[in-house]
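>>> predicted coordinates and the sequence they were generated for:
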Amino acid sequence: MPRRNAFTHKGEIVVRGGRLVDETGERRSDVLVRDGRIVAVEEVIDAPTGATVLDAGGCVLAPGLVDLHAHLREPGGEIAETVESGSRAAALGGYTAVVAMPNTEPAIDSAAVARDVLALGRTALAEIAVAGAITLGRRGERLVPMAELAELGVRLFTDDGRGVQHGGLMRRALEYASGLGVVLAQHCEDEQLAAGGQMNEGAWSSRLGIAGQPSLAEEAMLARDLALVRLTGAPMHFLHLSTAGAIEMIRRAKADGLAVTAEVTPHHLSLCDAAVAGFDPVYKVNPPLRTAADVAAIRAGLLNGVVDAIATDHAPHAPERKEDPFDEAPAGMLGLETALAVAHTALCVVPDEGGNDEAGDGWVPFGTGAVMSLRDLLGLFSWQPARIAGLDQDGQGGWTHQGGQGGPIRPGTAANLTVFDPTAEWVVDRSRQASRSRNTPYAGRRLTGKVRHTVFAGEAVVIDGEAQR
Amino acid sequence: MIVPGMTTSTGTPPRLTDQASDATGAIGVAEVTGAGAAAAEEDFFVDHRVPAVRHLLSIADLDRDGILEIMRLSDAFAEVSERPIPKVPALRGRTVATVFMEPSTRTRLSFETAAKRLSADVMTFTAATSSAVKGESLRDTVETIDAMGIDAMVIRHHSSGAPLRVTNWVGASVINAGDGTHEHPTQALLDCFTIREALTARHDGEIPADLKGLRIAIVGDIKHSRVARSNVLAFSALGAQVVLVAPATLMPASLEGWPVTATGDLDAILGELDVIYLLRIQSERLGEVLLPSLDEYHWRYGLTRARADALKKDALVMHPGPMIRGVEISPEVADLPASLVTRQVRNGVIVRMAVLFHLLGSGAM
């Protein structure tokens, strides 16, 4: 199979009229792309004959977004999503790279399965990196061949969907991983303490008669793993943290100098457990939607830099499964197509009086926090996650990926770009998702800010909000 | 302990019609930043009703006036049930389907008897004999039954919220006959009716309007009890003071917004109670390590002879059934005159007639 990479896409693109925002700063700039690379970044560029011109007037031009956490469901769950459909959703959401989670069927716990998924990614609309499982079959018993997977470029390992329950095994995994240049990522959930809870344990679970999962289930495993990081010195990444306590523990761990990073999801920074009041399983997710106080703490953690990345935990499920009763339906929400707009609306836009909860979906109003700058927001979506996933190094990684994600935008680098209109208002339409699934919790919600164009590896995969293939 | 939130002084849950617009609860800005922030009290009582079709999903679907209307209708149907032929043509030509996805012969028979006494046609669907065991989804099942042309669907389901979800898929009125650990509104209504009836003797033969001033303890597995959730709302809406009694393991994680007080010490309050309402203890709770043993439960919370003697003379003893003698209640206490258990069963039919008539009768259409 021919390998498509960042250097082979032919043709020229000019992104014109945008405000360029990357890690190095902000300035008014046009960008010229040729054969997959950025060849010029100047205040005004005349489009060469035959070049595709992408209008970025009034928009922000940023490095492509990088999602640390997406369930692309292939192999085994193609009824809900495929690498191709998931990558299309990603491109529409402004992503140029996605880390595919290993809880597929079979799990990504061997070089063979990893190669399969990477091969599917070669024709995708975004770079597909894979995360490997920590344990075979995600059963929490024996380690995967981590070195062999690392050789394929696998950088993150996680049993996501479950946490590694056995503390002794987790210790050995961290010790074994050290020296391989990889990072173990944890889904923090002590299953004994979670006790089969289907939503956040609290006032709402008590009123609705739905089994609750306490914040403690997340925080107890996080506490254990922070102690293991202290013991082993191995770096760890913490997935989808959802509680005020967890954010505080990360703050202290970082203050102590531990090598840890943390992500939160768009839904945990926007929605609270009041959303479950109608028993609609579209609001069922794991970790569950927490209280408004937890949402406020997550927003604060993003504003003060404790949290490193916003990751989608894009979790497609077939529509009929989300029509099962709440306790029987699978947990998970779509995220890729709405993530940046949701986070932008929640963190960067002070709504008009009373104008922010017409959909009745548990959206937590803006509150009294500070407004986040667009550059800080893009850091959480692009260069910071690119670094965690090891996708920032241009052309590095051999078999797995092209890299060059997260900017900065300058001549000679891979052309992975997002054009985002921060003032566009739009309403999420459940029936117009590129995902094979429909389980977005934001259907009918008005969001502020929309991805306009996405350039992946020199190809304009999204133009004016439409996927080009 | 007094739980913040609704007060017991008014005894009335928030009026549902006042909060339909923000039913699923946007939380106020103050809660976002406040310590221990959580939903405002009115958010707990969600208006589940779809305007065109009337459903009974939660006691919160009826306000105090709605409950009292059911009580008035029940008084009328109680008279009907004393007749030689206890049947009226009120729902002739209407069809009521009972859809029981969890076995409960008593409740199903109670609803079906009620429907038949109103001259409605009755269709029965139980999970054991149906396509549900072949893996058909709930939606497909209820849409199929709805397509046969029915006016009401009485649903018992093992999952909390299932009847509410069904209202999105069918045109019939949906009646919750018990959903998971959420609610069992008709049980609460028949319990209110039964208490009113028992109090008649104390009021010179007059049926009291409501339960004002009564102190009612609900004892047992509150956490997993749909009966408790509905009864808390119903009793307090009618003016009673409700106290929940259970070990902490069988209490809900949070009582925020509940119009109740709570205690773990039954013996301390026995002498104050007008009604003691016992809940069934399921042996599964032992495996979940919520109780050391059923004997220990009986020792601490069972209504023994000694505890019965500590009650006020005219205190009432209630239980939603099925009653496990020797756990919640000692065998000799179960048969005392104070026990209203068989009265509850009889009244179940009457109150369910009232509910069906309220939702489907000519006035409702």
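Cool, got the structure.

>>> when you work out contacts or count neighbours from here on, use the C-alpha atoms and nothing else.
Fine.

>>> once you drop chain neighbours, what's closest to residue 274?
Picking chain A for this. residue A:362 (5.2 Å; Cα to Cα, 6 or more residues apart in numbering or on different chains).

>>> actually chain B
Nearest to residue B:274 is residue B:315, by Cα to Cα, 6+ apart, at 4.6 Å.

>>> can you read off the pLDDT for that neighbour?
As predicted, residue B:315 sits at a pLDDT of 94.

>>> now do the contacts for it.
Contact analysis of residue B:315 by Cα atoms under 8 Å, 6 or more residues apart in numbering or on different chains lists B:273, B:274, B:275, B:276, B:338.

>>> which of those residues lies closest to residue A:434?
For these, the residue nearest residue A:434 by Cα to Cα is residue B:276; the value is 57.0 Å.

>>> tell me which helix or strand comes right after the helix or strand hosting that closest one.
Using DSSP states H and E, residue B:276 maps to strand B:275-278. Next along the chain after strand B:275-278, taking DSSP H and E as the criterion, comes helix B:284-287.

>>> can I get that next one in CSV, CA atoms only?
In CSV, the C-alpha atoms belonging to helix B:284-287 read as follows (Å, rounded to 0.1, in the frame of the first residue of the first chain):
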residue,chain,number,x,y,z
GLU,B,284,-29.4,-8.6,47.5
ARG,B,285,-28.4,-5.7,49.8
LEU,B,286,-26.3,-8.2,51.9
GLY,B,287,-24.1,-9.0,48.9
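
>>> buried ones in that helix, by neighbour count?
residue B:285 (16 or more other Cα atoms under 10 Å in any protein chain shown).

>>> burial of residue A:328, as a residue count?
Neighbour count for residue A:328, taken as other Cα atoms under 10 Å in any protein chain shown: 13.

>>> what's the answer for residue B:140, then?
Using other Cα under 10 Å, residue B:140 has 14 other residues around it.

>>> backbone phi and psi for it, please?
Per-residue torsions, residue B:140: phi -60, psi -40 (degrees, to the nearest 10).

>>> and it, what's its pLDDT?
94.

>>> and if you look at the one 10 residues further on?
Note for residue B:150: predicted pLDDT of 96.

>>> over to residue B:87?
For residue B:87, the model assigns a pLDDT of 94.

>>> state the distance from it to chain A.
Distance of residue B:87 to chain A, computed by Cα to the nearest Cα, to the nearest Å: 37 Å.

>>> that residue touches residue B:81, doesn't it?
Yes - using Cα atoms under 8 Å, residue B:87 is in contact with residue B:81, at 7.4 Å.

>>> just want the residue of chain A that's nearest chain B.
Nearest residue of chain A to chain B (Cα to the nearest Cα) works out as residue A:209 at 4.3 Å.

>>> ok, back up a step: list the contacts of the strand holding residue B:276.
Residues contacting strand B:275-278 (Cα under 8 Å, 6+ apart): B:214-220, B:315-320, B:328-329.

>>> where are the low-confidence patches of the chain?
You didn't say which chain, so I picked chain A. Along chain A, the parts satisfying pLDDT under 70 run over A:1-10, A:353-360, A:395-402.

>>> can you look at chain B instead?
B:1-53, B:128-134, B:362-365.

>>> give me the domain ranges for it.
For chain B, automatic domain parsing gives the domain ranges B:44-183+B:347-364, B:185-341.

>>> what's the first-to-last distance across the last one?
According to Cα to Cα, to the nearest Å, domain B:185-341 extends 17 Å from its N-terminal end residue to its C-terminal end residue.

>>> kindly report the same for stretch B:320-329.
Termini of stretch B:320-329 sit 12 Å apart (Cα to Cα).

>>> again, but for stretch B:142-156
12 Å.

>>> got the contact list for it?
Against stretch B:142-156 from outside (Cα under 8 Å, 6+ apart): B:94-102, B:111, B:163, B:166, B:169-179, B:360.

>>> repeat that for stretch A:128-138.
So stretch A:128-138 is contacted by A:87, A:97-103, A:106-110, A:114, A:117-118, A:121-122, A:140-144, A:146, A:149, A:154-160, A:162, A:173, A:184, A:400-401 (Cα under 8 Å, 6+ apart).

>>> can you say which of those are buried?
A:87, A:97-103, A:106-110, A:114, A:117-118, A:121-122, A:140, A:143-144, A:146, A:149, A:154-160, A:162, A:173, A:184, A:400-401.

>>> among these, which ones are in helices?
A:87, A:114, A:117, A:118, A:121, A:146, A:149, A:173 (DSSP state H).

>>> list the contacts for the last one?
Contacts here follow Cα under 8 Å, 6+ apart; on that basis residue A:173 touches A:134, A:143.

>>> mind checking the SS state of the nearest residue to residue B:231 once chain neighbours are set aside?
The shortest distance from residue B:231 to any non-neighbouring residue, by Cα to Cα, 6+ apart, is to residue B:188 (4.8 Å). Look at residue B:188: counting by DSSP: H, G, I helix; E, B strand; the rest coil, its state is helix.

>>> so how far is chain A from residue B:188?
Applying Cα to the nearest Cα to residue B:188 and chain A gives a distance of 16 Å.

>>> tell me if I'm right that that residue and residue B:225 touch.
No - contact criterion Cα under 8 Å: residue B:188 and residue B:225 do not qualify, at 11.8 Å.

>>> the residue nearest to residue B:251 when sequence neighbours are not counted: neighbour count?
Excluding its sequence neighbours, the residue lying closest to residue B:251 (Cα to Cα, 6+ apart) is residue B:223, at 4.8 Å. Residues lying near residue B:223 (other Cα under 10 Å) number 23.

>>> part of a helix, is residue B:223?
No - secondary structure of residue B:223 (three-state DSSP): coil, not part of a helix.

>>> tell me what the spatially closest residue to residue A:56 that is not a sequence neighbour is bridged to.
Using Cα to Cα, 6+ apart and skipping the chain neighbours, the partner closest in space to residue A:56 is residue A:18 (4.5 Å). With DSSP bridges applied, residue A:18 shows beta-bridge pairing to residue A:29.

>>> same check, this time on the one 4 residues further on
Beta-bridge partners of residue A:22, counted by DSSP bridges, are residue A:25.

>>> helices of the chain, residue ranges please.
I'll assume chain A. A:83-92, A:111-121, A:146-151, A:167-177, A:191-194, A:203-208, A:215-232, A:244-255, A:292-303, A:339-347, A:374-381, A:383-388.

>>> actually, chain B is the one I wanted.
Under DSSP H, chain B gives helices at B:29-33, B:64-81, B:105-117, B:138-147, B:162-166, B:185-199, B:226-237, B:284-287, B:294-301, B:305-310, B:331-334, B:341-360.
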